[in-house]
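Here is a sequence with its predicted model. Questions after.
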Amino acid sequence: MHGPPLIGWLLTALCGASAVYCLLRMRAGPSARRGEAGGEALMGLGMAAMAVPVAAVSGQGWLPAAFAGVFGLSCAVSLALAAASPWTGSAGLHHGHHAVGSAAMVHMGLAMSAAPHAAGHAGHGAAGQQTGGLPLLTGALLGYFALYALWTGLRLAPLPAAVRGTAAAGAPGAAAAAGAGGPLSVVRGAAGRSPGSGGSGHGDLLTVCRLVMAMAMAAMLMTL
């Protein structure tokens, strides 16, 4: 990635850590959840590689074609899975999101290969004052991932009912109604619950991984 090396290494570390967690999540759970974790792991590994600073990968002219090929195939598979999944559930939406993410990786890979005099990830920056990629498509993808990150962050926020319950638990006489745990029991219940988590904190962590990768994707698109 073109830009300050510190930012590139930070994005590499965040995406790499998300990918490792998703790989570990593939060892247990229903097959559908393992498939989701596998898709997130692939995306995280690819983004970690793409975020590596340009100075560390200069001269690797095969990288853009490799990114475009791998994630072009991933995009096609995600689109096929999304078409075969009911869009009323979460599976179709997740596959559609993976398809958009893979398309963004293909777009950045093609922008790197099209940038003149660009070596490796230098296509992210302005080689010879030229912007890589189609500005309209880049802007559309940037807007999508920015909105997705905002939406995912709101999903991770405590539910208003849980916040009100926490405040009410601190009122006189509420400890007996809330049980021995008092306000802490309400906070624990809110922290361990999120949409699609099934009552487990693992769903929250998988959603955090999606949030991290959406923000990282938006950051890389801004450098095109």
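That came through fine. All values reported here derive from a predicted model rather than from experimental measurement.

residue ranges with poor pLDDT in this protein?
1-3, 55, 57-59, 87-89, 115-133, 159-203 (pLDDT under 70).

what about 80?
1-4, 28-33, 35, 54-64, 85-92, 112-133, 158-204, 224 (pLDDT under 80).

what about the helices in it?
In the chain, the helices defined using DSSP state H lie at 5-25, 31-50, 63-84, 90-114, 135-156, 160-169, 174-178, 183-191, 201-222.

do you know which of those lies nearest Ala56?
Closest to Ala56 of those is helix 5-25 (CB to CB; 8.0 Å). Heads up, the C-betas are built off the backbone N, CA and C, glycines and all.

Could you list the buried residues of that closest one?
Within helix 5-25, the residues scored as buried using 16 or more other CB atoms under 10 Å are Gly8, Leu11, Thr12, Leu14, Cys15, Gly16, Ser18, Ala19, Tyr21, Cys22, Leu23, Arg25.

of those residues, closest to Gly143?
Nearest to Gly143 among the buried residues of helix 5-25, counting by CB to CB, is Leu11 at 19.4 Å.

so that closest one touches Ala219, yeah?
Yes. Counting by CB atoms under 8 Å, Leu11 does reach Ala219; the two are 6.3 Å apart.

give the contact list for the residue lying closest to Cys75 once chain neighbours are set aside.
Nearest residue to Cys75, sequence neighbours excluded (CB to CB, 6 or more residues apart in numbering): Ser102, at 3.6 Å. By CB atoms under 8 Å, 6 or more residues apart in numbering, Ser102 lies in contact with Met43, Phe71, Gly72, Ser74, Cys75, Ser78.
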